[in-house]
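Undergrad: no FASTA, just this:
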């Protein structure tokens, strides 16, 4: 019986917040001060709802009445500050410090931090920095291959290495040992070992020749 009454009063408090009814909020809290930090059935407090709607005056009132400013909701572990910008996050918005920290992680090859950022904000893979540059482009320009995987960027050198391995295997079967000298072939201007080209084996290197370049 007590639980039902308690929840009913909490629901009234949250409803009063949504209606911006400050007098009603004060009356409810005067009757039961514990409601200021009570959790509703979704796991949120009154301060979460006030922050989400950007109700500064009500937020101030709740804090003056003892609301815990960093209380975490029980569904996502988010604080009222997190709820305050949630509607912008849903549209891809982020705090300036978050964007700058993400750029810092990319520039310094901090893959641990990158993974943590992307786990929390997957949309960052398609986002841009404060200057409008896509994070994927920033990662590619960094020259750090460790950045590629967290940002789901295909590693061009990985495919090149695989093709070159295949090329070496073919040359080994042809007893070609010198891979340091290359010639341009009709295969889109790619390079293959001169000795293999002279043996008429160009068609066998089509997979290898698709790489940006072949290095010994």
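TA: It's in. What you are looking at is a predicted structure, and each value in this text was computed from that prediction instead of being measured.

Undergrad: can you count the residues close to residue 112?
TA: 10 (other Cβ atoms under 10 Å). Just so you know, the C-beta spots here come from the backbone N, C-alpha and C atoms, and that holds for glycine as well.

Undergrad: tell me the buried residues in the helix or strand harbouring it?
TA: For residue 112, the host element (DSSP states H and E) is helix 111-120. Using 16 or more other Cβ atoms under 10 Å as the test for burial, helix 111-120 gives 111, 113-114, 117-118.

Undergrad: now distance to residue 22 and pLDDT too, for those residues, in JSON lines please.
TA: Formatted as JSON lines, the buried residues of helix 111-120 follow (distance: Cβ to Cβ, whole Å; pLDDT from 0 to 100):
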{"residue": "111", "distance to residue 22": "49", "pLDDT": "88"}
{"residue": "113", "distance to residue 22": "42", "pLDDT": "91"}
{"residue": "114", "distance to residue 22": "44", "pLDDT": "90"}
{"residue": "117", "distance to residue 22": "39", "pLDDT": "90"}
{"residue": "118", "distance to residue 22": "41", "pLDDT": "89"}
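
Undergrad: about what we covered before: which strands and helices sit next to the helix holding residue 112?
TA: If contacts are counted by 3 or more Cβ pairs under 8 Å, 6 or more residues apart in numbering; DSSP states H and E, helix 111-120 sits against helix 96-107.

Undergrad: does anything pack onto the helix it packs on? Which helices or strands?
TA: helix 111-120, helix 135-142.

Undergrad: so what touches that helix?
TA: The contact list for helix 96-107, computed with Cβ atoms under 8 Å, 6 or more residues apart in numbering, reads 110-111, 113-114, 117, 121, 124, 127, 129-130, 135, 138-139, 142, 144, 147.

Undergrad: sorry, back to before: dump the buried residues of helix 111-120 into a markdown table; add distance to residue 60 as well.
TA: As requested, the buried residues of helix 111-120 are exported to a markdown table (distance: Cβ to Cβ, whole Å):
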| residue | distance to residue 60 |
| --- | --- |
| 111 | 42 |
| 113 | 35 |
| 114 | 38 |
| 117 | 32 |
| 118 | 35 |
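
Undergrad: closest one to residue 78 out of those, please.
TA: Taking Cβ to Cβ as the measure, residue 78 sits nearest to residue 117 out of the buried residues of helix 111-120, at 16.1 Å.

Undergrad: what's the domain layout of this structure?
TA: 2-87, 96-147, 156-209 (automatic domain parsing).

Undergrad: okay, now the unreliable bits of the chain?
TA: Residues of the chain meeting the criterion pLDDT under 70: 1-7, 153-216.

Undergrad: now the strands for this structure?
TA: Under the criterion DSSP state E, strands of the chain are mapped to 182-184, 191-193.
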